[in-house]
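Novice: everything below, folded, please.
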Amino acid sequence: MRRPHGRLQAGLATLAVGAAIGLALPMSQASAAVGGVTGYATQNGGTTGGAGGATVRATTGTAIHTALCTRATSSTPIIIEVQGTINHGNTAKVSGSSCNTAAGVIELKQISNVTIIGVGSGAVFDQLGIHIRDSSNIIVQNVTVRNVKKSGSPTSNGGDAIGMESTVRNVWVDHVTLEASGGESEGFDGLFDMKDNTQYVTLSYSILRNSGRGGLIGSSESDLSNGFITFHHNAYENLDSRTPLLRGGIAHIYNNSYVSLNESGINSRAGARAKVENNYFKNSKDVLGTFYTDEAGFWQVSGNIFDNVTWSAPGTDNRPAGPNPQSNTTVSIPYAYSLDGASCVPEIVRQTAGANTGLQVSNGNCTPQSPTPTTPTPTTPTPTPSQPSGTNLSIGAGSDGSSKAAGTGYGNVRDGDLTTFWSPAGATGSISIKWGSATTVSRIIIREASGSAGSIGSWQVLNHATGAVLKSGSGAGAITFIPTSLTKITFNITSSTGTPKVAEFETYAS
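Specialist: You can find the predicted model right below:
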């Protein structure tokens, strides 16, 4: 749907003065990402980027591609320090066995273990987007991406400043500035978009401004494979909508500063669930709710400040959360984090967010601090019952089972969406994950759908091909057993206290 951009354009001149001041701040030098990775990017095995790999310097887009293409493999760790302006004139396609690049866009495609960090006097990607596709363990830090267009000339990355799609895992984008000079009618699209199975992403201490669209999670109401995204300590300034637009999945949104959201803000829809806490909303309209659709989403709210926020009347396709936002779901966060008080969020974000701000972070008490530059080393997070280390092997696998209840599906247990589920046709039944070749599994997690916790009684975990019982017990949660090579694993519910609803059947090698 096309949106007018008159107010967005009117705000550009005012915000340009603040932008110039921000770019003049000194920057603490670093050879790799500094400070700790936060949010959902710490889960699913963690995000370390190119830690432990070689460090190279690049002053052109072609040099970035060359650094990727001269690695031993597509997963060899590398830290790419970027300085200067990267544009269409200096970004060519480079070929190699460890890369898959293209001209006119920074292409992080079918690769892993990469850090891109701005150093020196700064790094600006001018009219050139960063495209992350079918990749994992990526860090992008301390860069500016501006004026990326999907129409007009030149075009790059579908008009997204940073875009992720097609099975992306574990990305940390930190201390970046993403900006445009108008909305869709001027040729721009989203500043930070995620779609087609993108999970475990954190956007922190960044600025998103002067665009029609902040960003989305899910390209359509049927693209519900995305989620586990954290947004914290970001500045959203002079945007028409999508801060973010969330279709399905889970998002944690805290300690962000929102100013001049002209049409709508956090748009939770199609069953999405967002935990929205200690944010500051100012001079904005419809900052939270379900908008432009009749497919509702949900939110858990606490500690937010609404300063001169206006709210539309509810309708079929618009369900604002205000004027007195109340929670309509609960969201469990699996990682530790510190909350700044909402009243000091605008000031702490002003001092810390964006490129070239010294990579400062909050100390959790509304005070900025400059972390000591360090080269992060890969670590193995301690698995917890709610969020294990390693890759969920069920994503991309197949599934089947015994008879299913109406309105439920076998594929729902491996879609990464806790709002969809499988139920047996009766009180008992079985659900299976299967692969085309032998796969070693030693740990599973059974997650129940909201409102059904405790309904699963006794169960057995079976090697489907042999019928061997790998583990038996009762209740949902994490289940470990001796590592077993198999092509199909079955969770067989033998008793229940209600209607079992299995939202996710996750499988792990360790």
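Novice: need the next SSE after the helix or strand of the chain with the lowest mean pLDDT, C-terminal direction.
Specialist: Every helix and strand of the chain was ranked by mean pLDDT, DSSP states H and E. The lowest is helix 12-23, at a mean of 32. Downstream of helix 12-23, the first helix or strand assigned by DSSP states H and E is strand 54-58.
Novice: which helices and strands does the helix or strand encompassing residue 489 pack with?
Specialist: Using DSSP H and E, residue 489 sits in strand 477-493. Packing partners of strand 477-493 (3 or more CB pairs under 8 Å, 6 or more residues apart in numbering; DSSP states H and E): strand 429-448, strand 458-463, strand 468-474, strand 502-508. Bear in mind the C-beta positions are built from the backbone N, C-alpha and C, glycine included.
Novice: now do the third one: which elements does it pack against?
Specialist: Counting contacts by 3+ CB pairs under 8 Å, 6+ apart, strand 468-474 is packed against strand 458-463, strand 477-493.
Novice: residue 283 is nearest to which of those strands?
Specialist: For residue 283, the closest of the helices and strands packed on strand 468-474 is strand 477-493, at 45.2 Å, according to CB to CB.
Novice: what is the neighbour count of residue 100?
Specialist: Close neighbours of residue 100, defined as other CB atoms under 10 Å, add up to 21.
Novice: revised request: answer the last question for residue 152.
Specialist: 11.
Novice: related to what we said a few turns ago, out of the helices and strands packed on strand 468-474, the one nearest residue 348 is which?
Specialist: Across the helices and strands packed on strand 468-474, residue 348 has its closest neighbour in strand 477-493 (36.4 Å, CB to CB).
Novice: in the closest one, what's buried?
Specialist: 478, 479, 480, 481, 484, 486, 488, 489, 490, 491, 492, 493 (16 or more other CB atoms under 10 Å).
Novice: that one: how far from the chain's middle?
Specialist: 29 Å (CA atoms, centre = their mean, to the nearest Å).
Novice: let me know the angle separating it from strand 502-508.
Specialist: 110 degrees (axes from the mean of the first three to the mean of the last three CA atoms, to 10 degrees).
Novice: in the stretch 301-450 of the chain, where is pLDDT below threshold?
Specialist: 371-390, 450 (pLDDT under 70).
Novice: would you map the strands across it?
Specialist: Ranges of strands in the stretch 301-450 of the chain, per DSSP state E, counting those that start in this stretch, are 305-310, 318-320, 361-362, 368-369, 398-401, 429-448.
Novice: out of the helices and strands packed on strand 468-474, nearest to residue 436?
Specialist: Per CB to CB, nearest to residue 436 of those: strand 477-493, 7.6 Å.
Novice: C-alpha coordinates for that closest one, CSV please?
Specialist: Output in CSV follows, covering the C-alpha atoms of strand 477-493 (Å, rounded to 0.1, in the frame of the first residue of the first chain):
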residue,chain,number,x,y,z
GLY,A,477,10.7,-29.4,27.5
ALA,A,478,14.3,-30.5,26.8
ILE,A,479,15.0,-34.2,26.4
THR,A,480,18.6,-35.6,26.1
PHE,A,481,19.7,-39.1,25.2
ILE,A,482,22.7,-41.0,23.8
PRO,A,483,23.7,-39.5,20.4
THR,A,484,21.9,-41.6,17.7
SER,A,485,22.3,-41.6,13.9
LEU,A,486,18.9,-41.9,12.3
THR,A,487,16.7,-40.7,9.5
LYS,A,488,13.5,-40.2,11.4
ILE,A,489,12.8,-39.4,15.1
THR,A,490,9.4,-39.8,16.6
PHE,A,491,7.9,-38.2,19.7
ASN,A,492,5.1,-40.5,20.8
ILE,A,493,2.5,-39.1,23.3
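Novice: strands paired with it, and their directions?
Specialist: strand 429-448 (antiparallel), strand 458-463 (antiparallel) (DSSP bridges).
Novice: what would the ones you listed look like in a markdown table with mean neighbour count?
Specialist: Listed next are these as a markdown table, based on neighbours: other CB atoms under 10 Å:
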| stretch | mean neighbour count |
| --- | --- |
| strand 429-448 | 18 |
| strand 458-463 | 19 |
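Novice: in a markdown table: the ones you listed, plus distance to residue 184.
Specialist: Formatted as a markdown table, the strands paired with strand 477-493 follow (distance: least, CB to CB, whole Å):
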| stretch | distance to residue 184 |
| --- | --- |
| strand 429-448 | 38 |
| strand 458-463 | 50 |
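Novice: of the ones you listed, which approaches residue 287 most closely?
Specialist: Taking CB to CB, strand 429-448 is the member of the strands paired with strand 477-493 nearest to residue 287, at 30.3 Å.
Novice: show me where the chain has helices.
Specialist: Along the chain, counting by DSSP state H, helices occupy 6-10, 12-23, 61-69, 345-352.
Novice: please enumerate the strands of the stretch 51-200 of the chain.
Specialist: So, for the stretch 51-200 of the chain - with DSSP E, counting those that start in this stretch - the strands run 54-58, 78-86, 106-109, 112-126, 130-133, 136-141, 144-146, 162-165, 168-174, 177-182, 192-195, 198-204.
Novice: now render the ones you listed as CSV, adding distance to residue 312, mean neighbour count and mean pLDDT.
Specialist: Shown next, in CSV, are the strands of the stretch 51-200 of the chain (distance: least, CB to CB, whole Å; neighbours: other CB atoms under 10 Å; pLDDT from 0 to 100):
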stretch, distance to residue 312, mean neighbour count, mean pLDDT
strand 54-58, 47, 17, 96
strand 78-86, 41, 22, 97
strand 106-109, 39, 24, 98
strand 112-126, 36, 22, 96
strand 130-133, 35, 23, 98
strand 136-141, 35, 26, 98
strand 144-146, 31, 24, 98
strand 162-165, 30, 26, 98
strand 168-174, 31, 26, 98
strand 177-182, 24, 24, 97
strand 192-195, 25, 27, 98
strand 198-204, 27, 27, 98
